[in-house]
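Asks: sequence unknown, structure follows:
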């Protein structure tokens, strides 16, 4: 049996240890002892891109924002769905996560950071959103564990009423906001209703072909026609 190797470590903004591991061809990231993500279970990250792009895939030159690079799965799927003239802005808070994608993880997804459509920003995605107005056709957020922050306590600003308002300002009128989460969050859905936003919650599997839909993706918009169709 091949051993699990510790490949690299860094610190989160909250000074927690973030570690990259490799076991055979699989990779995982952990914050302390808690697994944050793994290459073995990435179907929900792909579904985030599919749901976020469903209404814009045919547009000639859309601009989308991805908050959170992770292992590059959402980015790869987004690039595969969008037209050659698209612009995909990726905001990643932790510089070493970008480095790990370039040095260790690129082969998982055919090196998406090398695609000329990608504009990489090593920054807090919330700051980027606050500086943008009617700039994006879609915003896709895979930050921490969803509305319950894990790697940086300040990330819950994204999911506050003020954060939602900033996201809506950053979107075109018919744009959508897609959010990945490790679990359902009733308080978050209450905030969406308080803001009079239309949304659909999709339950998605962690593994391709998996029957247990343990993750969820919200797609949110001011215009209900910007939401994906309901799924069976």
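Replies: Yep, that arrived. Note that the structure is a prediction, hence the values are computed from the model and not measured.

Asks: Please go through the protein and pick out the longest strand.
Replies: strand 171-181 (DSSP state E).

Asks: from the chain's centre, how far out does the very next helix or strand once past that strand sit?
Replies: Tracing the chain past strand 171-181, the next element assigned as helix or strand by DSSP states H and E is helix 186-194. Relative to the centre of its chain, helix 186-194 is centred 20 Å away, using C-alpha atoms, centre = their mean, to the nearest Å.

Asks: who touches the helix or strand following helix 186-194?
Replies: With elements assigned by DSSP H and E, the helix or strand that comes after helix 186-194 is strand 198-204. If you take C-beta atoms under 8 Å, 6 or more residues apart in numbering as the criterion, strand 198-204 is touched by 43-44, 47, 51, 184, 189, 192, 213, 215-224, 226-228, 230-231. From N, CA and C alone the C-beta is placed, and that goes for glycine too.

Asks: What of stretch 139-148?
Replies: For stretch 139-148, using C-beta under 8 Å, 6+ apart, the contacting residues are 36, 45, 48-49, 52, 64-68, 70, 74, 78, 125, 129, 150-152, 155-156, 158-159, 167, 170-171, 175-183, 185, 187-188, 216.

Asks: thinking again about what came up before, pairing partners for the longest strand of the chain, with directions?
Replies: Strand pairing for strand 171-181, determined by DSSP bridges: strand 136-141 (parallel), strand 215-221 (antiparallel).

Asks: Look at the residue nearest the centre of the chain and report its pLDDT.
Replies: Centroid-nearest residue in the chain, with C-alpha atoms, centre = their mean: residue 142, separated by 2.6 Å. We note a pLDDT of 93 for residue 142 in this prediction.

Asks: contacting residues for residue 177?
Replies: 138-141, 164, 167-168, 171, 218-221.

Asks: now do 6 Å
Replies: Neighbour list for residue 177: 139, 167, 220 [criterion: C-beta atoms under 6 Å, 6 or more residues apart in numbering].

Asks: Could you dump those residues into CSV with distance to residue 21, pLDDT and neighbour count added?
Replies: What follows is the contacts of residue 177, written out as CSV (distance: C-beta to C-beta, whole Å; pLDDT from 0 to 100; neighbours: other C-beta atoms under 10 Å):
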residue, distance to residue 21, pLDDT, neighbour count
139, 30, 98, 27
167, 33, 97, 27
220, 34, 98, 24
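
Asks: Understood, closing this out.
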